[in-house]
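> task: produce atomic coordinates for the following.
(2 chains)
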Amino acid sequence: AQSVAQPEDQVNVAEGNPLTVKCTYSVSGNPYLFWYVQYPNRGLQFLLKYITGDNLVKGSYGFEAEFNKSQTSFHLKKPSALVSDSALYFCAVRDIVASGTYKYIFGTGTRLKVLA
Amino acid sequence: DTGVSQDPRHKITKRGQNVTFRCDPISEHNRLYWYRQTLGQGPEFLTYFQNEAQLEKSRLLSDRFSAERPKGSFSTLEIQRTEQGDSAMYLCASSLEGRDNTEAFFGQGTRLTVV
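You can find the predicted model right below:
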């Protein structure tokens, strides 16, 4: 089965500094990888995805993610953090299940705090 | 397109009562998912529909849980004889699978508190 791991429970970064939120994956076959953000008492918002093609994927709100096959990583990045980026971030992988359909497997989440 | 809609947003119920949640997916989306999220955890898969067919159920979905999507549009998730351990955020998501459409879009969730 596919899985993702987010090794950091929390990441603190100063406003204006670059940020990185880490994700590693374990899949068989080609990975379909995603990043979502969750604000308090809200659902998850899609940020970006990697299916195939360029290893650097650009998404919403200035976020990007780098797919690294040799390191099995899909880290989320932003060149300059904003206080409003403070939220819970989830990495996810799409898993093919027995019925031949899909479900999404999420990591445990990383809380990002951007300090003014 | 108003996105995925869930109702109610919050539900407080006494232990032993039944509750039902509703999800309206994005209109053209044929796939619908239910997830459960507890505090400090990532969403956990519960069940999945393709159109009206329920194709996958997690072991997390005990006999007290049932989900339906009768006409392939909205879906309901019912929990019978609620327990305190059922307290969580219940998230619905939908997707339209295609070569470039692989991501799921989530609703705001229904927060259930069992007292």
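
> up against chain A, what does chain B have?
Contact residues (CB under 8 Å from any CB of the partner chain) of chain B with chain A: B:4, B:6, B:31, B:33, B:40-45, B:48, B:50, B:55-56, B:91, B:93, B:97, B:102-109, B:111. To be clear about C-beta, it is placed using only N, CA and C from the backbone, and glycine gets the same treatment.

> just the buried residues out of those, in PyMOL syntax.
Per 16 or more other CB atoms under 10 Å in any protein chain shown, the buried members of those correspond to this PyMOL selection:
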select buried, chain B and resi 4+6+31+33+42+43+44+45+48+50+55+56+91+93+102+103+104+105+106+107+108+109+111
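
> now do the strands in chain A.
A:3-5, A:10-14, A:19-21, A:24-26, A:33-38, A:44-50, A:56-58, A:64-68, A:73-78, A:87-96, A:102-106, A:110-115 (DSSP state E).

> sheet partners, orientation included, of the last one?
Paired neighbours of strand A:110-115 in the sheet (DSSP bridges): strand A:10-14 (parallel), strand A:87-96 (antiparallel).

> mind showing which ranges of the chain have poor pLDDT?
Just going to use chain A. Low-confidence segments of chain A, defined by pLDDT under 70: A:98-100.

> try again with chain B
Residues of chain B that meet the criterion pLDDT under 70 lie in B:1, B:99-101.

> geometric centre of it: which residue is closest?
Nearest residue to the geometric centre of chain B (CA atoms, centre = their mean): residue B:34, 3.1 Å.

> in contact with that one, which residues?
B:23, B:46-48, B:67, B:75, B:77, B:90-92 (CB atoms under 8 Å, 6 or more residues apart in numbering or on different chains).

> apply 6 Å and report the result again.
By CB atoms under 6 Å, 6 or more residues apart in numbering or on different chains, the contact list for residue B:34 reads B:46-47, B:67, B:77, B:92.

> got the angle between the host helix or strand of it and strand A:87-96?
Assigned by DSSP states H and E, residue B:34 belongs to strand B:31-37. Relative orientation of strand B:31-37 versus strand A:87-96 (axes from the mean of the first three to the mean of the last three CA atoms, to 10 degrees): 130 degrees.
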